[in-house]
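# sequence and predicted model, in that order:
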Protein chains: 2
Amino acid sequence: MTTAAGWIERTLKYRFRDDQRLEQALTHRSAGGRHNERLEFLGDAVLGMIIAEVLYRHVPEASEGYLTRLRANLVRKETLAEIGAEMRLGDWLKLGTGELKSGGFRRASTLANGVEALLGAIYLDAGLGACRSAVERMYGERLRSLPPDQELKDPKTRLQELLQGRGLDLPDYALESASGEAHKRHFQVSCSVGALGFRTEASGRSRRQAEQRAAEAMIGKLGDD
Amino acid sequence: MTTAAGWIERTLKYRFRDDQRLEQALTHRSAGGRHNERLEFLGDAVLGMIIAEVLYRHVPEASEGYLTRLRANLVRKETLAEIGAEMRLGDWLKLGTGELKSGGFRRASTLANGVEALLGAIYLDAGLGACRSAVERMYGERLRSLPPDQELKDPKTRLQELLQGRGLDLPDYALESASGEAHKRHFQVSCSVGALGFRTEASGRSRRQAEQRAAEAMIGKLGDD
């Protein structure tokens, strides 16, 4: 079969009752007509709930913080774009000419949104149970081999825990400079661990980003120590 | 009846099959034992999906952006805390002594988390249908009289649309000063509309917050104009 319905049947083992729902899920806003943005809104929420339930049931020892980090990791754009690419979703998306020419069918956000829209369409077509099966097929191994909590924590959190583990005070972050207009701000930040006399600097497009990078550099320095 | 189960039966018309789930949902972390944080994680996701579905079905003309803003408004901490207060949830929460003394049963985050945990517990007890009914009772009129999109947009967005409507360029935001340590940063920001020669200033605990306030002040100025 070379129809979109056939492709979904092969990849997700799901047969749409109403193929128009599938067609809408595959139609990017740029193609005009009934596009997939509202289905994406619905699918995002359905996916978030299914992942939350899977995690709640499968990782009974996990704290709320770990569950939250696991979920964020599983539903973030990059993960969904990977899933979309594995499914070859780009081959089936309907895009406007401009989007086609600029490679929109490979764009991470377009693929991620398409995956969510597909789930929204399946939810309307057959409900939560059908979505659960589709999510399991989409995610496969990702739902079974979950990353440990340390991998999911951001560098500032990891640095803080590392220092606390050694009985040291929290690091000091200081804004060294900030420049640039709204669309390309540039922040330079330093991170200091007084007790060790260590200092790192990093820059970023937000203060937070610069701080995370400075913390990452400090973790490297502590590792070398 | 003066049990927690009786209270839930009166307020949400829901009878728990397993009262231990209800007990856990009402137990704040500070009380020790099996507390409600994991149920809160699950309930947050269940609530998000139910609200998304209600909005998707009831507001067929809404764009994805409006749906997203509506949902954020309905599930934010302040709304959930209001619902918790209306239900008199604080009377039934189990808190540790320190939390009790500091008035934790009135704290917005504690009430909001408790509402989510209740929904998580109902979901485990009886599934999505029971949660839908509970959400409808909790929200009542809030799900029927939805705020118009303009009310939900942040000041920067409203200002941008206002200026575009008058054929003017986007406003300029500039960081005038930034000071303070990580926990109490202070940002001073200006907002200028060159074509009109208007300028406002505002401060905030984040650059974003200061910009929103400066935009709000500019909207006021334009209104007076």
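Perfect, thanks for sending it.
# state the pLDDT value of A:Glu61.
Note on A:Glu61: pLDDT of 92.
# apologies, that question was intended for A:Met49.
98.
# give the residue spans of chain A that score low on pLDDT.
Along chain A, the model assigns pLDDT under 70 to residues A:1, A:182, A:225.
# okay, which residue is most central for it?
Centroid-nearest residue in chain A: A:Arg76, 1.2 Å away (criterion: CA atoms, centre = their mean).
# what does chain A have sitting close to chain B?
A:37-38, A:40-42, A:44-46, A:48-49, A:51-53, A:56, A:62-64, A:67-68, A:71, A:123, A:128, A:173, A:175, A:178, A:182, A:207 (CB under 8 Å from any CB of the partner chain). Any C-beta I mention is one placed from the backbone N, CA and C, and that applies to glycine too.
# mind checking which of the residues you listed are buried?
Neighbour counting by 16 or more other CB atoms under 10 Å in any protein chain shown classes A:37-38, A:40-42, A:44-46, A:48-49, A:51-53, A:56, A:62, A:64, A:67-68, A:71, A:123, A:173, A:175, A:178, A:207 among these as buried.
# narrow those residues to those in strands?
A:Tyr173, A:Leu175, A:Ala178 (DSSP state E).
# what pairs with the second one across the strands?
According to DSSP bridges, the partner residues bridging A:Leu175 are A:Val189.
# so it touches A:Arg207, yeah?
Yes: under the criterion of CB atoms under 8 Å, A:Leu175 makes contact with A:Arg207 at 6.3 Å.
# check the contact lists of the two and give me the overlap.
A:Phe187, A:Val189 (CB atoms under 8 Å, 6 or more residues apart in numbering or on different chains).
# can you count the residues close to A:Gln150?
9 (other CB atoms under 10 Å in any protein chain shown).
# next: the one 5 residues further on.
A:Pro155 is flanked by 19 other residues according to other CB under 10 Å.
# what's the answer for the one 10 residues further on, then?
A:Gly165 sits with 8 neighbouring residues when counted by other CB under 10 Å.
# contact partners for the residue nearest to A:Leu67 when sequence neighbours are not counted?
Leaving aside its chain neighbours, A:Leu67 sits nearest to B:Phe41 (4.8 Å; criterion: CB to CB, 6 or more residues apart in numbering or on different chains). By CB under 8 Å, 6+ apart, B:Phe41 lies in contact with A:Ala52, A:Tyr56, A:Glu64, A:Leu67, A:Thr68, A:Arg71, B:Gly120.
# equivalent analysis for A:Leu170, please.
By CB under 8 Å, 6+ apart, the neighbours of A:Leu170 are A:Gln160, A:Leu163, A:Gln164.
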